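Peer 1: Take a look and give me a structure for this.
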Amino acid sequence: MSIRKKILATILVVVLITAGVATFVGRAVATDALEDQAKDHVLALTEAKTRAIENLLEYQRQSVQSLAGQFSAYLGMLQDGTILFDFGAEDDDILSTVMRSLTDSNSYVWQALYLNQDGLVEASSFTPALQSNANAGGIVLDDWSQVDYSELDWAAVDAAQLDWSKVDYSQVDWYQIDLSRVDWSLVDLSRIDLSRIDISGIDLSHIDWSLIDISQIDYGAAELNAVDWSTIDLGRAKWSRSDMRDLDIYLKGREGPYVGNLPMYQGSNDFVLAVSAPFYAGDQLAGVMVYLGGEDELCAIAADRSGLGDTGEVYLVNEEGFMLTPSRFVDDAVLKQVVPMSDMPSHGEGMEAFAHTSYMGNEVIGTHCPIPGTPWTVVVEKSRSEVLQPVSDLTRTMLWMMFGLLALGGVLGAFFSSKMSSSILKLRHGAELITQGDWTVNVATDSRDEIGQLSRSISAMTANLQQSHSELQRYSSGLEDRLAERDVLLKEIHHRVKNNLQIISSLLNLQKHGITDEPSRSAFEESGRRVQSMALIHEQLYQSGDLAKIEFKKYLRNLADNLVRTYATGSREIAINIEAEDVSLSIDTAVPCGLMVNELITNSMKYAFPESWQESHSSDYTPEINVGLAMSDDQILTLVVADNGIGLPEDLEIDRTETLGLQLVTSLASQLSASVEVERTEGTTFRIRIPQSDPSA
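Peer 2: Presented below is the predicted three-dimensional model:
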């Protein structure tokens, strides 16, 4: 890659890394800050919503308790005769009137119920106004007294023209009549015996319930599962036969004030806030007072999503996880939509906000808080993606800035790299000519920067090199002759040293013939062999092309051959095995190593295999001496000499022996800073480890 491209690439990489790191760090910091801010806001909003709901529920509790107390007093006055009237067929209307007078002050309540000791509704606070059933249409059949209902085809009757004041309701075939054409405001529902009609067989969706006086319907007489209850004013329903003995609103209301929701009818999906409290006649439980109402106010509290943006919502759930207030995103969610509360993290000591998955499957930041004294929980959530939208906008802006910086960096890099590389290219061209031997080239430039100074220095250097080259040529012609003379001289030195050592060895051999004392004679022989081992090194150096180092593997083979020829006596031939790596040693290391190997092999051949010991072994036994040489990765030269002979005595310590050979081994090892280990298993093994500063030493 050219220098121009390198400079341009460097600038672009620096810009890219700087922008990338800035984007990453900025995004991380902004994400943490926005999440913390969103969590704080969610917590504050949850606390505010919880307080508002608690205040509303507390107001309802106090109201129903007040009503229960007043009703207890009212019953007490009835018992002691303070209030006198005859209870007859309209007793429930009298009680309803009393209850209505006691509940008018609470605008949240649309119905109050008086449950007796058995959980049956004795009276409610609503007393309907009677409606007149005036004839409002034409008459298809003028004289209804002459109509044979058993022969009447109700499917052919124009229901829009019926005079319901003259019709015998018990004879109406509600399955055949076109209910969509009935003017229900003219129908007297109190005359319809719903208990004798299979409601499931009638398409009740055609009934305009908004025009019907719902107070005329006897709810104890029918199961109106198909009714569109959203069009019905439930506050005007007639409750006098309703059985609530199995509902929590009655069972828990007997024990004290209770807040819950009341299922208005079978399959109901409307949330109705119910608050109950017991009342007494003297010391005896007389019944339970129930308030219905306040759910619209609860929904209004939940519907206020100020500060939650387009994705946040507030809702209530019961202990089973069903939503009690409308969902922002799911239609008809009340008492249908299940919120998996188990997916929400549990709180520690205090309320906390968490990132979790909502019932919609989206990642949100939210929290939840149980409403004290109720089976409900307030949940406040906001989409994490909306919370982090500013981070996304910031990231997008920083990416565009990064692209802009890359473009600017590319332009500036191209300009400066061109300016900088022109001088460098001139230097490169000049260097190529100098490499080819053109010492006359001038690479100097007028630039005052470091490159200009370098070019002028190189130009001055080439002039000096040209002069030095001429002088070097003159000098090298004589130097080659001197080097050849040096090699010849070194060879001659090694040759003469080898000859002198061989002369010394020969003199020692001649001298031993005149010595009759065996120990002295043996000492002369051993000295001669030591001298011979040193002479062998100089001979190998003389024959080698490298006058500074010796191939020690080859030396070991030559030394072993000489020793075998010297000690080739005994009943069996002693085999010497050489296992050595190709290691070259300097003469300073090779001479001590050669002497140590000479001593150790000599000791093994002289003492390791005595005749009596060899005769005691089978014919398959072969006396062996193994010599090993290896260099480890940490530059430790390991020299091993081992035999399978009789072994050293157990009480022999090599560093305290009086034997000259072993003393020489320990002394030479000390000179080389080497360690000597002796093993006496199945013969004798000497392992010498010599540290090497130079791998080729």
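
Peer 1: could you give the mean pLDDT of stretch 279-294?
Peer 2: When pLDDT is averaged along stretch 279-294, the result is 85.

Peer 1: from the middle of its chain, how far away would that stretch be?
Peer 2: 57 Å (Cα atoms, centre = their mean, to the nearest Å).

Peer 1: do the same with stretch 425-438
Peer 2: The offset between the C-alpha centroid of stretch 425-438 and the centroid of the whole chain comes to 57 Å, using Cα atoms, centre = their mean.

Peer 1: can you list contacts of that stretch?
Peer 2: With contacts defined as Cβ atoms under 8 Å, 6 or more residues apart in numbering, stretch 425-438 is touched by I3, V441, N442, V443, T445, I451, L454, S455, I458, S459, T462, L465. (Glycine included, C-beta is placed from N, CA and C.)

Peer 1: so where do the helices sit in this protein?
Peer 2: Under the criterion DSSP state H, helices of the chain are mapped to 3-79, 91-103, 248-251, 295-303, 384-387, 389-435, 450-513, 518-543, 552-566, 587-603, 611-615, 660-671.

Peer 1: Which of those has the lowest mean pLDDT?
Peer 2: When mean pLDDT is averaged over each of these, helix 91-103 scores lowest at a mean of 67.

Peer 1: from what I can see I365 touches S385, true?
Peer 2: No: with contact defined as Cβ atoms under 8 Å, I365 and S385 do not form a contacting pair (10.1 Å).

Peer 1: returning to that earlier point: list buried residues within the contacts of stretch 425-438.
Peer 2: For those, a burial check counting by 16 or more other Cβ atoms under 10 Å picks out V443, T445, I451, L454, S455, I458, S459, T462.

Peer 1: Pull the most distant pair out of those residues.
Peer 2: I451 and T462 (16.5 Å; Cβ to Cβ).

Peer 1: Now I504: closest residue in space that isn't a chain neighbour?
Peer 2: Distance criterion Cβ to Cβ, 6 or more residues apart in numbering; nearest residue to I504, sequence neighbours excluded, is V531 at 5.0 Å.

Peer 1: List the residues that contact that neighbour.
Peer 2: L501, Q502, I504, S505, L508.

Peer 1: can we see that at 6 Å?
Peer 2: V531 sits next to L501, I504, S505 when contact means Cβ atoms under 6 Å, 6 or more residues apart in numbering.

Peer 1: quick check, nearest of those to V29?
Peer 2: Here the nearest of the contacts of V531 to V29, counting by Cβ to Cβ, is L501; it sits at 82.8 Å.

Peer 1: out of everything not next to it in sequence, what's closest to the closest one?
Peer 2: Nearest in space to L501, with sequence neighbours left out and distances taken as Cβ to Cβ, 6+ apart, is A535 at 3.6 Å.

Peer 1: What is the neighbour count of the one you found?
Peer 2: Taking other Cβ atoms under 10 Å as the neighbour definition, A535 ends up with a count of 19.

Peer 1: Settle this for me: it is touching Q502, isn't it.
Peer 2: Yes: checked against Cβ atoms under 6 Å, the pair A535 and Q502 is within contact range at 5.1 Å.

Peer 1: Next, count neighbours for V411.
Peer 2: Residues within reach of V411, counting by other Cβ under 10 Å, total 12.

Peer 1: What average pLDDT does stretch 178-197 get?
Peer 2: 70.

Peer 1: can you check stretch 573-580 too?
Peer 2: Summarised as a single mean, pLDDT over stretch 573-580 is 90.

Peer 1: got it, and stretch 121-128?
Peer 2: For stretch 121-128, the mean confidence score works out to 67.

Peer 1: before we move on, the earlier item: with neighbour numbers in mind, choose between I365 and S385.
Peer 2: For the pair I365 and S385, the greater number of neighbours falls to I365 (24 against 13), based on other Cβ under 10 Å.

Peer 1: now the more buried one: how far from A48?
Peer 2: Spatial separation of I365 from A48 under the definition Cβ to Cβ, to the nearest Å is 17 Å.

Peer 1: Kindly state the domain boundaries assigned to this protein.
Peer 2: 137-213, 439-547, 569-697 (automatic domain parsing).

Peer 1: what number of residues lie near the residue nearest to L115 when sequence neighbours are not counted?
Peer 2: Beyond its immediate neighbours in the sequence, the residue positioned closest to L115 (Cβ to Cβ, 6+ apart) is V288, lying 4.4 Å away. When neighbours are counted by other Cβ under 10 Å, V288 registers 26.

Peer 1: right, so the domains of the chain: which one is the most enclosed?
Peer 2: Mean neighbour count (mean count of other Cβ atoms under 10 Å) peaks for domain 569-697 among the domains of the chain, with a mean of 16.

Peer 1: Now M244: phi and psi?
Peer 2: For M244, the backbone dihedrals (degrees, to the nearest 10) come out as phi -120, psi 20.

Peer 1: Find me the pLDDT at the residue lying farthest from the centre of the chain, would you?
Peer 2: The outermost residue of the chain, judged by C-alpha distance from the chain's mean C-alpha position using Cα atoms, centre = their mean, is G514 at 92.6 Å. The per-residue pLDDT reported for G514 equals 71.

Peer 1: before we move on, what about G628?
Peer 2: You'll see G628 listed with a pLDDT of 95.

Peer 1: Can you give me every residue that contacts it?
Peer 2: The contact partners of G628, by Cβ under 6 Å, 6+ apart, come to E579, V640.

Peer 1: try 7 Å
Peer 2: The neighbourhood of G628, defined by Cβ atoms under 7 Å, 6 or more residues apart in numbering, consists of E579, A580, V640.

Peer 1: Let's have the residues you listed in a markdown table, adding distance to G373.
Peer 2: What follows is the contacts of G628, written out as a markdown table (distance: Cβ to Cβ, whole Å):
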| residue | distance to G373 |
| --- | --- |
| E579 | 93 |
| A580 | 95 |
| V640 | 91 |
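
Peer 1: how close does N577 get to V678?
Peer 2: N577 sits 20 Å away from V678, taking Cβ to Cβ as the criterion.

Peer 1: now do R191
Peer 2: Distance from R191 to V678, by Cβ to Cβ: 127 Å.

Peer 1: go on, A73?
Peer 2: From A73 over to V678 the distance is 116 Å, taken as Cβ to Cβ.

Peer 1: can I assume S675 is in contact with I690?
Peer 2: No: counting by Cβ atoms under 7 Å, I690 is not a contact partner of S675; they are 8.5 Å apart.

Peer 1: Distance check, H469 against A444.
Peer 2: When distance is defined by Cβ to Cβ, H469 is 19 Å away from A444.

Peer 1: same deal with S506?
Peer 2: Counting by Cβ to Cβ - S506 and A444 are separated by 72 Å.

Peer 1: Show the contacting residues for the nearest residue to T23 once chain neighbours are set aside.
Peer 2: On the basis of Cβ to Cβ, 6+ apart, the spatially nearest residue to T23 that is not a chain neighbour turns out to be M398, at 4.5 Å. By Cβ under 7 Å, 6+ apart, the contact set of M398 is A22, T23, G26.
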